[in-house]
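S.K.: I need the structure of the sequence given here:
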Amino acid sequence: MVGARYAAVIGECLLLGLLAGAPVAALAQGIAVGGASAPSAGAAAPAAGPGVGPGALIESLNRAVDRAIAGTEALAGVNTLIAPSAPPKPAPVVVELFTSQGCSACPPADALLAQVAQRPDVVALSLHVDYWDYLGWEDPFAQPAFTARQKAYTRAAGERTLYTPQVIVGGEASLTAPAPATLDAVIAQEAAVAPRVSIAVSEGEGSGQYVIDLAPLARPLERPSVVQIVRYVPSAQVEILRGENAGKVLDFANVVTAWHAVAEWDGQVPLRLNAKIDGTEPAVVIVQTALPGKTAPLPGPILSAAWLR
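M.R.: Have a look, this model is predicted:
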């Protein structure tokens, strides 16, 4: 389905897996990422010697303007004066559905996600788990990594039972086979929360290249976060031949094909990432709180999201 190559190459960032024990692959499907964070406020600038040229003067002015505007040092590599930016647009709400083609209770939830996926204020993602495959139908979209992600959410909530269909809104609100009105109300509640992180996405120099700028809003983050890039197929139709849904032809929306952590971010100063996306599948960047876990970080509240387009 997706044959493009991924390479996650991080420049001053540490790879952090948020799939609860599932390794973060260095080779994934269609992403190459590099990043640089702004230096800490206490970092000393190189001393200027005699005969400093115009370039050094511009860099010095940039640092002064940045300190006056944002209270932090300038982003590394910036060589233009920075004007105050416009207020960030509201981030879309991330809705994750854990589902399976081998689950008889899942088709209504799959149809509901397809409706929600049409909303411009929502990132709707369908993650197919593999623990129902033994019922007689092996879900071709299922991945162990998605089962691991659902398990991580379960541990973060202090629970022990996995079930489908399960909907996670904003990385924290959990719903079991919700009715449309219930899901709409939870999405509205999540959208009303003041954003903690701004994401600005701009096109890079080449085809499929993007510049992703992250910045904390109002105050630095209290916990570390992980930056993730997700790829998905907008629509798919499958005829189920065996198992609980045998004989049905099911439609699916926004089927996730790859979910990879690409950088750890402490949320103290702005961060710039350069990403290259291969192939035609849509991509979205998600910034999510990393909660402490026994063996690996656990997924917490989603702080912001944006499409790479």
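S.K.: How about Glu239, nearest residue that isn't a chain neighbour?
M.R.: The shortest distance from Glu239 to any non-neighbouring residue, by C-beta to C-beta, 6 or more residues apart in numbering, is to Val249 (4.9 Å). Where C-beta positions appear, they are placed from N, C-alpha and C, glycine not excepted.
S.K.: who are the neighbours in contact with the one you found?
M.R.: By C-beta atoms under 8 Å, 6 or more residues apart in numbering, the contact list for Val249 reads Gln237, Val238, Glu239, Ile240.
S.K.: what about the third one, distance to Ser104?
M.R.: Put plainly, it is Glu239. Between Glu239 and Ser104 the distance is 16 Å, computed by C-beta to C-beta, to the nearest Å.
S.K.: ok, the two, which is more surrounded?
M.R.: When Glu239 is set against Ser104 and neighbours are counted by other C-beta atoms under 10 Å, the residue ahead is Ser104, at 14 against 10.
S.K.: Give me the local confidence score for that one.
M.R.: For Ser104, the pLDDT comes out at 96.
S.K.: Double-check Glu190 against Ala173; I have them as touching.
M.R.: Yes. Counting by C-beta atoms under 8 Å, Glu190 touches Ala173, with 6.7 Å between them.
S.K.: Can you name the helix or strand that the residue lying closest to Leu97 once chain neighbours are set aside falls in?
M.R.: Spatial nearest neighbour of Leu97, excluding adjacent residues (C-beta to C-beta, 6+ apart): Leu113 at 4.7 Å. Using DSSP states H and E, the secondary-structure element containing Leu113 is helix 107-116.
S.K.: Does Val197 have any beta-bridge partners, and if so which?
M.R.: Here Val197 sits in beta bridges with Pro216, going by DSSP bridges.
S.K.: What count of nearby residues applies to it?
M.R.: The local packing count at Val197 equals 24, with neighbours defined by other C-beta under 10 Å.
S.K.: Contact partners for it?
M.R.: By C-beta under 8 Å, 6+ apart, the contact set of Val197 is Ala91, Leu214, Ala215, Pro216, Leu217, Leu221, Ser225, Gly267, Val287, Leu303, Ser304.
S.K.: what about 7 Å?
M.R.: Contacts for Val197 (C-beta atoms under 7 Å, 6 or more residues apart in numbering) come out as Leu214, Pro216, Leu217, Val287, Leu303, Ser304.
S.K.: I figured the third one hits Ser198, correct?
M.R.: Yes. Applying C-beta atoms under 7 Å, one finds Leu217 in contact with Ser198, separated by 5.6 Å.
S.K.: Among the two, which residue is more densely surrounded?
M.R.: Residue environment comparison for Leu217 versus Ser198 gives the larger neighbour count to Ser198, 20 against 16, counting by other C-beta under 10 Å.
S.K.: All the helices of the stretch 101-250 of the chain, in order from the start?
M.R.: 107-116, 144-156, 180-191 (DSSP state H, counting those that start in this stretch).
S.K.: between the last one and helix 107-116, how many degrees?
M.R.: Okay, so that is helix 180-191. Angle, helix 180-191 to helix 107-116, by axes from the mean of the first three to the mean of the last three C-alpha atoms, to 10 degrees: 50 degrees.
S.K.: Now Ser202: closest residue in space that isn't a chain neighbour?
M.R.: Excluding its sequence neighbours, the residue lying closest to Ser202 (C-beta to C-beta, 6+ apart) is Val211, at 4.8 Å.
S.K.: what about the closest residue to Glu172 other than its chain neighbours, neighbour count?
M.R.: What sits nearest to Glu172 in space, not counting adjacent residues and going by C-beta to C-beta, 6+ apart, is Pro301, at 4.8 Å. Burial of Pro301, expressed as a neighbour count using other C-beta under 10 Å, amounts to 17.
S.K.: And the pLDDT for Pro301?
M.R.: 97.
S.K.: Over to it. Which of the three states is it?
M.R.: strand (DSSP: H, G, I helix; E, B strand; the rest coil).
S.K.: Tell me who's in contact with it.
M.R.: Pro301 is in contact with Gly170, Gly171, Glu172, Thr289, counting by C-beta under 7 Å, 6+ apart.
S.K.: Scan these and report the most crowded one.
M.R.: With neighbours set by other C-beta under 10 Å, the maximum within the contacts of Pro301 is found at Thr289, which has 24 neighbours.
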